[in-house]
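heads up, no residue letters with this:
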């Protein structure tokens, strides 16, 4: 965006910082150091909040470095909103319409580590570095390549859903690294289970990866959900799974997230230890305790 608007160098770096600014919400919970991602993708990732950030940054930057015309204002607004739009394309969930609605929205088109956009942008920046006088065709080509990748992702998303077979409610999620591989989650509330398939739309191959039960109806599950740390964990968890394990003096509830199902394993699990009366004693992510 900065290259397209021919931003002066001082504004260029402001736009770079602004495009990442919504992620400062990782520091909300005691600066985020106790549980870095627990408050991530909160209200700072709404269209309204990003727009306010862009407006304030533009007013501040324009007072310091002159940039006449509407192109500068448009560049600042698009840079700030680009973060929200790009996170919307992932599977993590983004509260687009906060404060009017706290509901999260996801397009499930790319992963946060998708190689396609990274390779396109890296090649484009390298080309701009080598052929500085060719920016008039390199920059439009970059936009075109990103548009083609997005269209390709939309097509693969639809094909992944089709090749995984019929399901009560199905979601197609891109692989964390390889955009040609997808996972499809069938959510069957009648049989109370998730069924996971690995799909390669181009080769039309589909492999059953396993099944996980939906969280059971249990007072222990309900007691664990009353804890704010579990609520934060589940805020962006569209497909939660839970197990109840006996523990001395009480029970332990293990929460998992199918969004982080890689290589047949669940990662990022949360363990909630409860006493015999159902009171939460401690909460751990892996081996590290999560403070309130």
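Looks like it arrived, so ask away. Predicted model only: the values in this text are computed from it and were never measured.

Which per-residue confidence value corresponds to residue 192?
The score at residue 192 is 88. That number is its pLDDT.

dump the residue contacts of the closest residue in space to it that isn't next to it in sequence.
Once flanking residues are discounted, residue 192 sits nearest to residue 214: 4.8 Å by Cβ to Cβ, 6 or more residues apart in numbering. For every residue, glycine as well, the C-beta is placed using N, CA and C. Taking Cβ atoms under 8 Å, 6 or more residues apart in numbering as the criterion, residue 214 is in contact with 187, 189, 192-194, 240-241.

and residue 214, how far is that from residue 195?
11 Å (Cβ to Cβ, to the nearest Å).

now residue 247
From residue 247 across to residue 195, the span is 30 Å (Cβ to Cβ).

cool, residue 117 as well?
Residue 117 sits at a distance of 30 Å from residue 195 (criterion: Cβ to Cβ).

If you count surrounding residues, which of those two has more?
Neighbour tally, residue 117 and residue 195, criterion other Cβ atoms under 10 Å: the higher count belongs to residue 195, 20 against 17.

in the sheet, who's paired with the more buried one?
residue 186, residue 211 (DSSP bridges).

and what of the one 4 residues further on?
Note on residue 199: beta-bridge partners by DSSP bridges are residue 182, residue 206.

can you count the residues close to it?
Residue 199 is flanked by 26 other residues according to other Cβ under 10 Å.

Please report the distance of residue 275 from residue 169.
Using Cβ to Cβ, we find residue 275 at a distance of 36 Å from residue 169.

and residue 82, what is it in contact with?
Residue 82 touches 1, 19, counting by Cβ under 8 Å, 6+ apart.

Kindly provide the distance from it to residue 140.
From residue 82 across to residue 140, the span is 17 Å (Cβ to Cβ).

Which pLDDT does the model give residue 8?
78.

where in this structure is pLDDT low?
Within the chain, the stretches with pLDDT under 70 are 28-39, 68-69, 165-167, 262-265, 292.

returning to that earlier point: buried ones among the contacts of residue 214?
187, 194, 240-241 (16 or more other Cβ atoms under 10 Å).

Closest one of those residues to residue 151?
Using Cβ to Cβ, residue 187 is the member of the buried ones among the contacts of residue 214 that lies nearest residue 151, at 27.2 Å.

excluding its backbone neighbours, what's nearest the closest one?
Going by Cβ to Cβ, 6+ apart, residue 187 has residue 169 as its nearest residue, at 4.4 Å.

Determine the number of other residues adjacent to the one you found.
If you count neighbours by other Cβ under 10 Å, residue 169 ends up with 10.

again, but for residue 42
Neighbour tally, residue 42, other Cβ under 10 Å: 20.

Same check on residue 14?
Around residue 14 there are 23 other residues, counting by other Cβ under 10 Å.

residue contacts, it?
57, 61, 76.

Identify each buried residue in the one helix or strand it maps to, please.
Element membership for residue 14, per DSSP states H and E: helix 9-20. Across helix 9-20, burial judged by 16+ other Cβ under 10 Å covers 11, 14-15, 18-19.

how about the residue nearest to residue 87 when sequence neighbours are not counted, phi and psi?
Once flanking residues are discounted, residue 87 sits nearest to residue 94: 4.8 Å by Cβ to Cβ, 6+ apart. When read as degrees, to the nearest 10, the backbone of residue 94 gives phi -140, psi 130.

neighbours around residue 94, how many?
26.

and the gap between it and residue 103?
Distance from residue 94 to residue 103, by Cβ to Cβ: 10 Å.

for the residue positioned nearest the centre of the chain, what are its contacts?
Note on the chain: the residue nearest the mean C-alpha position is residue 92, at 3.3 Å, using Cα atoms, centre = their mean. Residues near residue 92 by Cβ under 8 Å, 6+ apart: 41, 106, 112, 236, 259.

Which one (most neighbours) among the residues you listed?
Among the contacts of residue 92, residue 259 has the most neighbours (other Cβ under 10 Å), with 25 neighbours.

Once you drop chain neighbours, what's closest to that residue?
With Cβ to Cβ, 6+ apart, the residue lying closest to residue 259 is residue 91, at 5.9 Å.

And residue 209, by the same measure?
residue 196 (4.4 Å).

what's around that neighbour, how many residues?
20.

I'd like the numbering to begin with 48 instead of 1 from here.
Got it, the first residue is 48 from now on, which makes the last one we talked about residue 243.
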